[in-house]
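Participant: here is a sequence with its predicted model. Questions after.
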Amino acid sequence: MPAHISPRDRLIVALDLADTAKAQAMVEQLGDAVSFYKIGLELTYGGGLALAEQLVKDGKQVFLDLKFHDIPNTVARATKQVAALGATFLTVHAFPQTMKAATGALKNSPLKILAVTVMTSYDDADLAEAGYAMGVKDLVSRRADQAKAAGVHGLILSAEEAAPMRAQLGADMLLVTPGIRPAGAAIGDQKRVMTPGDAIRSGADHMVVGRPITQAPDPKAAAQAIVAEIAAAC
Ligand code: C5P
C-alpha cells in the first residue's frame, strides 16, 4: 500500500445520484471532508462529464467508472479524451487488447487506468454460459497478471480479494475496493462487505463508498468518520 496517499484521498465517494443537481448538492454538503468522487454510467449520461470537469476545476479528483471495452483504436482515442478532461482514474474491462490500448494512449498524462477483472455479478455458471472454460477465481487471477503485464495501474476488486491480489501482484498495483460498510451501516444489495479499517488492513489503497455516505442523515459526518477510521488503520 503506497504510504504517501492521505487518508482523505483514499476515500472515493460514489455519486450514484439521479441527476447532476443532486450530485452537486451532495458535493457542496460534503465540502472539504471529501476530495475524490466516482462518476458512473448513469450520471455520465445525465450531465456527469460536465460535472466531472467542474470538480477537477474545483481541485477534486475524479474517477470515471466507464468500463471501456472496444477495438484498440477506439479505446485509445476515448482514453485520450478522458485524460484531457483531467480525470484521475478510468476503468476498462480487463481484456489484454483493451488494457494495452488504454495504457498506451496515456503518454505523460497523470490519468491512471483501473481494470475490472471479472464483474462481481458473474459466477462460474455465467462464465460457462458466455463460453469461458475457467471459473471466476482462475479468471480473476489470470486477468490480474495480464493487467500488470499491460501496464495497468490498478484493479477494482472486492475487499475480500485485496489480500490475495496484493500477494500475487506486489506493492505497486493500486487496489480499489467497493462494498465497504462501516460497522453498523445498512448492507443494502452488497453481498460481501468489509469495514474501512479492515479494507485498509487487507491491502486496499482506495475504497469506493456510496450509500453509507450519500444516504446518511449527516453525510459529512459519515465521510469524516470513515476518513478517521482509514487514518487509524494506515
Ligand atoms: O452504495 P455503495 O457503497 O454500495 O456503492 C458502491 C459503488 O461501487 C457503486 O457505484 C457500485 O456500482 C460500485 N461497484 C460495486 N461493486 C463492484 C464494482 C463497482 O459496488 N464490483
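Facilitator: Happy to help now that I have it.

Participant: all contacts plus neighbour counts: C-alpha atoms, from now on.
Facilitator: Fine.

Participant: using PDB, write out the CA atom coordinates for the host helix or strand of Asp9.
Facilitator: Asp9 belongs to helix 7-10 when elements are defined using DSSP states H and E. Extracted in PDB, the C-alpha atoms of helix 7-10 (Å, rounded to 0.1, in the frame of the first residue of the first chain):
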ATOM      1  CA  PRO A   7      -6.400   9.100   4.400                       C
ATOM      2  CA  ARG A   8      -8.900  11.600   2.900                       C
ATOM      3  CA  ASP A   9      -7.600  10.800  -0.700                       C
ATOM      4  CA  ARG A  10      -8.100   7.100   0.000                       C
END
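
Participant: now the element after it, going C-ward?
Facilitator: Following helix 7-10 in sequence, per DSSP H and E, is strand 11-14.

Participant: coming back round to it: and the helix holding Asp9, what does it pack onto?
Facilitator: For helix 7-10, the packing partners by 3 or more CA pairs under 8 Å, 6 or more residues apart in numbering; DSSP states H and E come out as strand 206-209, helix 219-233.

Participant: just how off-centre is the first one within its chain?
Facilitator: Centroid separation for strand 206-209 versus its chain: 7 Å, with CA atoms, centre = their mean, to the nearest Å.

Participant: tell me the strands beside it, with direction?
Facilitator: Sheet pairing of strand 206-209 (DSSP bridges) gives strand 11-14 (parallel), strand 174-177 (parallel).

Participant: could you give the mean pLDDT of that strand?
Facilitator: If you average the pLDDT over strand 206-209, you get 98.

Participant: which residues are in contact with that strand?
Facilitator: 9-14, 38, 174-181, 196, 199 (CA atoms under 8 Å, 6 or more residues apart in numbering).

Participant: how about that strand and the ligand, touching?
Facilitator: Yes. Using CA under 6 Å from any ligand atom, we find that strand 206-209 touches the ligand at Val208, Val209.

Participant: list the contacts of the helix or strand that that strand is followed by.
Facilitator: Following strand 206-209 in sequence order, the next helix or strand is helix 211-214 (DSSP H and E). Defining contact as CA under 8 Å, 6+ apart, one finds that helix 211-214 is touched by Val13, Leu15, Met26, Arg181, Pro182, Ala185, Ala186, Pro219, Lys220, Ala222, Ala223.

Participant: I am finished for the moment; much appreciated.
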